[in-house]
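S.K.: I'll drop the sequence and a predicted model, then ask my questions.
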Amino acid sequence: MTRLILDVDTGIDDALALAYLATFDTVDVLGVIGTYGNVSVDTAVRNTSYVLERLGLRHIPVIRGSSHPSWARCFIPDAGCAQFHGTDGLGGFGPACDSSSSDTAFSDIFSDNSGSDTVFSRDYRSLISVGGYALDDVHANPAVDSFELSLTTDSASFIHVDDSSADSVSEGVQFIIDQVRAYGFDVTVVATGPLTDIDAAIAAAPDIAGKLKLVMMGGTLTQEGNCWDLTAETNIIQDPEAADRVFHSGADITMVGLDVTHQCLMGSDATRAWREAANADTLTSSTASQVADSLDGSAGSSNAASARTSSVAASPSASDVRVFLADMADFSIAANLKADARLFSQGMPLHDPLAAAVAVDPSLVTCIDLPMKVELETGDFHGTRGRTIGDPAGLIDSNAPRIHVAFQVDSSRFVPTFTTRISTL
């Protein structure tokens, strides 16, 4: 039995990763932590619960993780993520959102819940992350139709911020700590969003670093990134400081980055197959129902069966989870094609599903072990913020932590297996 903990910012490919894992009898998902990234943390938790419910996995606990990166006080989803995942994270096919309960992006900017009386005079624009970029960064592009926030000097000088370490951690972070302490290398943490929760867990419980087995989707080493500067990767740019600390923590880390996920493309032929499988199962179920009712010998039952069959035929497999997954995947396939037909003419990259698959079957990828770091600043003698690159200091220190960086993938085995497994849900 493979024990997993998932840390997700549930967008479309996170949902597909959950669906893939649901096809295994030998995988035990201990819990799923929802964090910020593709969407806000509350949306991630809501999406995760919804997807698990559709998959018939209501028993798996969904736990709230970090709401913002370690360098900021607040997080606003980026328009680029909305482009690839929809504003709801699930291509518009997620649960209906109750506006009265939706999280407010600016709810905690002007208050300090830590109880500290520290007055922080720094311009508060640097405390707001818009998809990994400070609010005053030229690349900050909020995922809202109209965005207006008044930045005044008076407000900036009266923000209360506690820069010291928090005495408590989120429920999701505590869950990681407890499970790693209980199982050690017998549980794998699969992180498909920013590494903020992983970093917070190690900071709060340094004893877990040496027994933490992590498979992360993020970063890139041998090719361009997918952010504005084409250097950084989306999950890393959200919280480069956290990612760098995790890289140097001594944990057993496998980095499943764009180097391999861009080799695993899934096209609309797969989603057609999912819909066809759903329709076939619906027709088979309807036929079985008709036969059973006809054997019952009751005219009333037969009429009822005919009514049920007609209803199903009018909307075949509308509630089938495979149709739900196909709808989302088709949204992503179209979005990726529109964004870059050069790279994605064959379909959407299976970022998060590949990371989940590697946690189950590490033989899918070939890795090189390198000391890695994340650039934290942009400029001369710093590089580009968010870039994942070999750490030259580690190269001269034989004891420096090494990261298993995936650079080859058996895509001809993974992609067909993935699409076939979804068809059998």
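M.R.: Cool, the structure landed.
S.K.: Strands of the stretch 101-250 of the chain, residue ranges please.
M.R.: Assigned by DSSP state E, counting those that start in this stretch, the strands in the stretch 101-250 of the chain fall at 119-120, 128-130, 133-134, 159-160, 187-191, 213-217.
S.K.: Just put those strands in CSV and tack on mean pLDDT.
M.R.: Formatted as CSV, those follow (pLDDT from 0 to 100):
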stretch, mean pLDDT
strand 119-120, 36
strand 128-130, 90
strand 133-134, 92
strand 159-160, 35
strand 187-191, 98
strand 213-217, 98
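S.K.: could you dump the ones you listed to a markdown table with distance to A270 and mean neighbour count?
M.R.: For glycine as for every other residue, the C-beta is placed from the backbone atoms N, C-alpha and C. Listed next are the strands of the stretch 101-250 of the chain as a markdown table, based on distance: least, Cβ to Cβ, whole Å; neighbours: other Cβ atoms under 10 Å:
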| stretch | distance to A270 | mean neighbour count |
| --- | --- | --- |
| strand 119-120 | 50 | 14 |
| strand 128-130 | 33 | 24 |
| strand 133-134 | 34 | 19 |
| strand 159-160 | 49 | 17 |
| strand 187-191 | 22 | 25 |
| strand 213-217 | 20 | 26 |
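S.K.: show me where pLDDT drops low in the stretch 151-300 of the chain?
M.R.: Applying pLDDT under 70 to the stretch 151-300 of the chain flags residues 151-167, 285-300.
S.K.: quick one: the helices in it?
M.R.: For the stretch 151-300 of the chain, the helices defined by DSSP state H, counting those that start in this stretch cover 153-156, 171-183, 196-204, 234-238, 240-247, 258-261, 268-296, 299-314.
S.K.: Who are the packing partners of the third one?
M.R.: So that's helix 196-204. helix 171-183, strand 187-191, helix 240-247 (3 or more Cβ pairs under 8 Å, 6 or more residues apart in numbering; DSSP states H and E).
S.K.: how does it look with 10 Å?
M.R.: Secondary-structure packing of helix 196-204 (3 or more Cβ pairs under 10 Å, 6 or more residues apart in numbering; DSSP states H and E): strand 2-8, strand 27-34, helix 171-183, strand 187-191, strand 213-217, helix 240-247.
S.K.: Could I get the ones you listed in TSV, plus columns for distance to R322?
M.R.: Converted to TSV, those look like this (distance: least, Cβ to Cβ, whole Å):
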stretch	distance to R322
strand 2-8	20
strand 27-34	19
helix 171-183	29
strand 187-191	23
strand 213-217	23
helix 240-247	34
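S.K.: give the contact list for the closest residue to V409 other than its chain neighbours.
M.R.: Distances taken as Cβ to Cβ, 6 or more residues apart in numbering place V260 nearest to V409, at 4.0 Å, with adjacent residues excluded. By Cβ atoms under 10 Å, 6 or more residues apart in numbering, V260 lies in contact with 217, 220, 222, 349-351, 354-355, 358, 364-367, 405-411, 414.
S.K.: where's V260 relative to S67, distance?
M.R.: 30 Å (Cβ to Cβ, to the nearest Å).
S.K.: Same question for M255.
M.R.: 25 Å.
S.K.: Neighbour count for these two, which is higher?
M.R.: M255 (29 against 21; other Cβ atoms under 10 Å).
S.K.: so the more buried one touches L354, yeah?
M.R.: No - assessed by Cβ atoms under 10 Å, M255 is found out of contact with L354, at 11.8 Å.
S.K.: Cheers, nothing more for now.
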